[in-house]
Each structure stands twice: as structure tokens, then as C-alpha cells.
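1. Would you be able to build a 3D model of this:
(one chain, ligands or ions: 2)
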Amino acid sequence: MAYIGDQSENTSWGGAEVEDYFALLKPRVMSLVIFTAIVGLMIAPGSLHPLLAVTAILCIAIGAGASGALNMWYDADIDAVMSRTINRPIPAGRVTKSEALGFGLVLSFFSVAILGLVTNWVAAGLLAFTIFFYAVIYTMWLKRWTPQNIVIGGAAGAFPPMIGWAAVTGTITIESTVLFLITFLWTPPHFWALALYKKGDYAEAGIPMLPNVAGERATQHQILIYTFILAAISVAPTLLGFASLAYGIVAGGLGLAFIYYAVRLWLQKDSVALKKAARQLFGFSLIYLFVVYLVLLADVSVANFLGGANA
Ligand code: HEM
Ligand SMILES: CC(C)=CCC/C(C)=C/CC/C(C)=C/COP(=O)(O)OP(=O)(O)O
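-> Ligands and ions are numbered 1, 2, ... in the order given. Reported below is the predicted structural model:
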């Protein structure tokens, strides 16, 4: 199949810079993914030698970046069509498709192998599965096939805190499953808000995102439903007893703020006002996830410190 913007046979570019390879790692999106992995690792019971903990986080970060490179390799044709992605290294002609594929595969292999060697094979297996899930299940299959692509595919972005937790404990527990669920339920409002104001881009690229397939109204409904479920699940750490009441109150407040943005979006009928509300919800989604994980980290760290001091 001929791809738009395909440079796989062209070797004359040769001018790829370090920053082009860095861009293949999708560093801005992955920064929050990596932060959730750090929180998972730091709040897990038990401890890792600081050097091993830093190595584990580096492996998760490199694995996440590798999956981004594999995504850009496969999506080069649609990235060349969308204004948001047209300047990425492959469509812009600075890196060839085969270079991106090789880079993604090599980094995937080493990140998984090193994580397994320095921590355990449960964490490494989860990392390998997450890379596979994003690069193959989401990118190659779901993204171009169903408007539920990001609900199912979003699981990939939700695994990192579970990987961080497993790096310390070697297990998957109810607590790490709750961390997974928070990001998993956050992803649909996060992404569909963006898809609402970038609807034209996705339609042009022929990607069946919810607003194009089911319409804006249905997307507004779905965002509201997922936001309610997310707000409820975000207080689970307190209900399950691994975070304090203080965390529960802050998380509950943040959940109410998220609901406020989702209701405001749901009320919009006019296309311009709807896009503006969607943009604001997207922006808030990033702050929300960062702060929820940050508060959880602070809460569990304080509890551990006080527990240690009282021991
Ligand atoms: C299938 C799941 C997801 C999809 C489809 C998705 C999609 C997107 C898209 C299209 C953007 C705009 C990026 C750009 O401008 O190039 C974005 C931005 C962003 N996403 Fe997501 N996302 C998903 C999951 C996640 C997860 C799990 C996280 C973190 C835990 C995350 C964190 C971010 C961040 C931090 C940005 C802002 C990047 C910037 O400032 O440029 N996303 N997301
Ligand atoms: C540890 C590990 C392997 C983590 C992976 C984390 C992960 C899967 C994050 C997904 C976030 C993301 C970049 C979505 C973009 O979707 P898209 O490809 O549809 O967006 P695009 O249109 O910007 O390319």
C-alpha cells in the first residue's frame, strides 16, 4: 500500500538530527505517562535501591517512547494529512519510516530486557504488553477500525503506574488496578475533548473518531458519563484504605471540577462555543491527572514517613 508522505525507500534525507529521534518518542505526551509510572513505583509497598528505581523509570520512559516511534512509523500516512501532525519527523521527511521502525524496535527490546534484569519479569512483561498494545492493538487495529478505539486502546496509557508498582513488588494488586482504572477512565474525556475541536483533521484522515462517526452530541454524552465514573473511582484509594481522607477530599474536589467542565461542554449547542468548551476540558484533563497522582504521591509519602517515624 502506498502511503501519503512515505519516505521508506528514500535514503537521500540523511539529515536526521538528534531532536528528530527525540520527537519520535512523543516526549510531551509521554511526560505525564512517565509521571504516573513514577507515582506507581514510589507508592508501592517495599523499596528499590535508588539506582534500580531510576533505571526502572528510564526503562519505562524509553519503552513508552519506543511505542510512540512505532506508532509514528505505522501512522506516517495519516500524520501527513493532519495539520497537527504534518510536521512530525517522518511526514516532514527528516526521518525515514524504516529508521523509525528500527529505532522503535531496538528501544523496545532493550527497555524490556533491562527492566526485567534490574527489577523483575512481571514488570518487564507488563511493559512489553503495553508497547504491543499501543503499537499493534491500538495503532494498527483499533484506531482505524472503531470509534471505540481509544476506550479499549486507552488501556495502553493506563498500564504505566501498574508497571511502576510491579517493578517494586513483582505483583499486580487491587491498588495498582485502581491506579490503572483512574487513567483508563480519564482517557475518553481527555481524548474526545480534543477530537471535538480537531474533528476536521480526523475526518480528513479517515479515522473513525467518535465525533465524526456518532456526532458531537453523542460525544458530549459519552464524555459526561466517563467523567462521572472517573470522579467516583478517583476516591477509591481512600475507600480501599491505601490513601487518607485528605486525598479523598482533594480527589473528590478535583472530580467535581472535572464534572463542571464536562457539564459545561454538554450544555453547548453552538459549534464555536462547543469547540471552546472542549479545548478548556482538554486543558483541564491534563492538570487533573497530574494533580490527582501528585496528591496521591504526597499522601502516601507522608503516611509512610509518619508510619516510619512512629515505628
Ligand atoms: C489512547 C489514548 C490517548 C489518546 C488517543 C491521546 C491523544 C492525544 C492527542 C492526539 C494529543 C495531542 C498531541 C499533539 O498535539 O500532538 C494528546 C495530548 C496529550 N496527552 Fe493524550 N492521549 C491518550 C492518552 C494519554 C495518556 C494515557 C496520557 C498520560 C497519562 C496522555 C497525556 C497527554 C499529554 C500530557 C498531552 C499534551 C501534550 C502537549 O502538551 O503537547 N494522553 N493526547
Ligand atoms: C509504557 C508504555 C509503552 C506506555 C505507552 C503509553 C501510551 C500508549 C500512551 C498513549 C498516549 C498517546 C501518545 C496517544 C496518542 O494517540 P494517537 O497515536 O492516536 O495520537 P496521534 O494522532 O497524536 O498520533
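
2. Residue 160: what's it in contact with?
-> By CB atoms under 8 Å, 6 or more residues apart in numbering, the residues touching residue 160 are 33-34, 36-37, 40, 60, 64, 130, 183. Bear in mind the C-beta positions are built from the backbone N, C-alpha and C, glycine included.

3. one more time with 10 Å, if that's ok
-> Applying CB atoms under 10 Å, 6 or more residues apart in numbering, we find residue 160 in contact with 30, 32-41, 57, 60-61, 63-64, 126-127, 130, 179-180, 183.

4. Same check on residue 67?
-> With CB under 10 Å, 6+ apart, residue 67 has these contacts: 25-26, 30, 33, 104, 107-108, 111, 127, 130-136, 138-139, 156-157.

5. Does it fall in a helix, a strand, or a coil region?
-> helix (DSSP: H, G, I helix; E, B strand; the rest coil).

6. Which of the helices or strands spans residue 98?
-> helix 97-118 (DSSP states H and E).

7. Any buried residues in that helix, and which?
-> Residues of helix 97-118 classed as buried: 97, 99-101, 103-105, 107-108, 111-112, 114-116, 118 (neighbour count, 16 or more other CB atoms under 10 Å).

8. How about the secondary structure of the residue nearest to residue 235 when sequence neighbours are not counted?
-> For residue 235, ignoring the flanking residues on the chain, the nearest one in space by CB to CB, 6 or more residues apart in numbering is residue 248 at 4.8 Å. What three-state DSSP gives for residue 248 is helix.

9. can you count the residues close to residue 248?
-> 18 (other CB atoms under 10 Å).

10. Up against ligand 2, what does the protein have?
-> Residues of the chain lying close to ligand 2 (CB under 6 Å from any ligand atom) are 26, 29, 33, 60, 63-64, 67-68, 71, 75, 85, 127, 130-131, 134, 143, 156-157, 160.

11. if you set the cut-off to 5 Å instead, what comes out?
-> Counting by CB under 5 Å from any ligand atom, the chain comes close to ligand 2 at 29, 33, 63-64, 67, 71, 130-131, 134, 156-157, 160.

12. Against residue 175, how distant is the residue nearest to residue 84 when sequence neighbours are not counted?
-> Computed as CB to CB, 6+ apart, the closest residue to residue 84 that is not its neighbour in sequence is residue 201, at 5.9 Å. Going from residue 201 to residue 175 by CB to CB, to the nearest Å gives 38 Å.

13. who has more neighbours, these two?
-> More crowded of residue 201 and residue 175, by other CB under 10 Å: residue 175, with 24 against 20.

14. check contacts around the more buried one.
-> Neighbours of residue 175 in contact, by CB under 10 Å, 6+ apart: 40, 43-45, 161-162, 165, 169, 236-237, 240-243, 300.

15. try 8 Å
-> Going by CB under 8 Å, 6+ apart, the list of residues near residue 175 reads 165, 237, 240, 242.

16. quick one: the longest helix along the chain to chain centroid distance?
-> Assignment by DSSP state H gives helix 271-310 as the longest helix of the chain. Relative to its parent chain, helix 271-310 has a centroid offset of 14 Å by CA atoms, centre = their mean, to the nearest Å.

17. Just the mean pLDDT for that helix, thanks.
-> Mean pLDDT, helix 271-310: 93.

18. wait, the residue nearest to residue 235 sits on residue 241?
-> No. The criterion here is CB atoms under 8 Å, and residue 248 misses it with residue 241 at 10.6 Å.

19. Flag every residue of the stretch 101-250 of the chain that's near ligand 1.
-> Those residues of the stretch 101-250 of the chain that sit near ligand 1, judged by CB under 5 Å from any ligand atom, are 150, 153-154, 157, 187, 191.

20. same thing but 8 Å
-> Residues of the stretch 101-250 of the chain found near ligand 1 (CB under 8 Å from any ligand atom) are 134, 138, 143, 149-150, 153-154, 156-158, 160, 183, 186-187, 190-191, 194-195, 198.

21. one step back: out of the buried residues of helix 97-118, which is nearest to residue 16?
-> In terms of CB to CB, no member of these lies closer to residue 16 than residue 99, at 6.7 Å.
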